[in-house]
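Peer 1: fold the stuff below for me.
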Amino acid sequence: MKKINIVGLGNILFGDEGFGVETVRALEASGNWPESVQFVDGGTQGLYLLDYFESCDALMVFDSIIPVEFEPKVYLYRKEELPAFIHRKMSAHQMGLSELLAVAKLHGREPAEIVLIGAPPHDLGLGNGLSEPMRQHLERAVGMGREILELWLVE
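Peer 2: Sure, this is the predicted structure:
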């Protein structure tokens, strides 16, 4: 059975910065998933997450991101759309994410499938929790994540 790691990045203390962590929690709670699927609150651990990136066949990452095309919506990037070194910072964790993907590739342990799902933050205030627009994005992101996860599980 395919091993799948689902990692949420972000700091829940800074409002919408916690989008990735909150989305992983919601996705995990939305179904009865097999043991081959591991849900990880990656927080801001950076390189400490390397084993989660290298030890799976498929990797799904959720994060609060600021893409080049920047519109207030949920974005989905697949492996081929994620460069190993990103010149424009897409999130507070981007260097960590880029480095993790690059190191996994250098080690020859890059997952066959990688997906990044995220949305641009609206409010990064200390202790504010997710803003209303981000809560709406969370629902969309969970739906996108479920759809991909279900496809991965039947492949």
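
Peer 1: okay, CA-based contacts and neighbour counts for the rest of this
Peer 2: Noted.

Peer 1: show me the contact partners of the lengthiest helix in the chain.
Peer 2: Counting residues, the longest helix found in the chain (DSSP state H) is helix 132-154. Helix 132-154 is contacted by residues 2, 16, 19, 22-24, 26-27, 58, 60, 73-74, 117-119, 121-122 when judged by Cα atoms under 8 Å, 6 or more residues apart in numbering.

Peer 1: what subset of those is buried?
Peer 2: Among these, the ones that count as buried by 16 or more other Cα atoms under 10 Å are 16, 19, 22-24, 27, 58, 60, 73-74, 117-119, 121-122.

Peer 1: for those, which one is nearest Glu110?
Peer 2: Ala58 (9.0 Å; Cα to Cα).

Peer 1: can you show me the CA trace of the lowest-mean-pLDDT helix or strand in the chain as PDB?
Peer 2: Of all the helices and strands that make up the chain, the one with the lowest confidence by mean pLDDT, DSSP states H and E is helix 94-106; it has a mean of 80. What follows is helix 94-106, C-alpha atoms only, in PDB (Å, rounded to 0.1, in the frame of the first residue of the first chain):
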ATOM      1  CA  GLN A  94       9.200  28.600   1.800                       C
ATOM      2  CA  MET A  95      12.900  28.300   2.300                       C
ATOM      3  CA  GLY A  96      12.300  25.300   4.600                       C
ATOM      4  CA  LEU A  97       9.900  23.700   2.100                       C
ATOM      5  CA  SER A  98      12.300  24.400  -0.900                       C
ATOM      6  CA  GLU A  99      15.300  23.000   1.000                       C
ATOM      7  CA  LEU A 100      13.400  19.900   2.200                       C
ATOM      8  CA  LEU A 101      12.400  19.100  -1.400                       C
ATOM      9  CA  ALA A 102      15.900  19.800  -2.700                       C
ATOM     10  CA  VAL A 103      17.500  17.600   0.000                       C
ATOM     11  CA  ALA A 104      15.100  14.800  -0.600                       C
ATOM     12  CA  LYS A 105      15.800  15.000  -4.300                       C
ATOM     13  CA  LEU A 106      19.600  15.000  -3.700                       C
END
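
Peer 1: much appreciated, bye for now.
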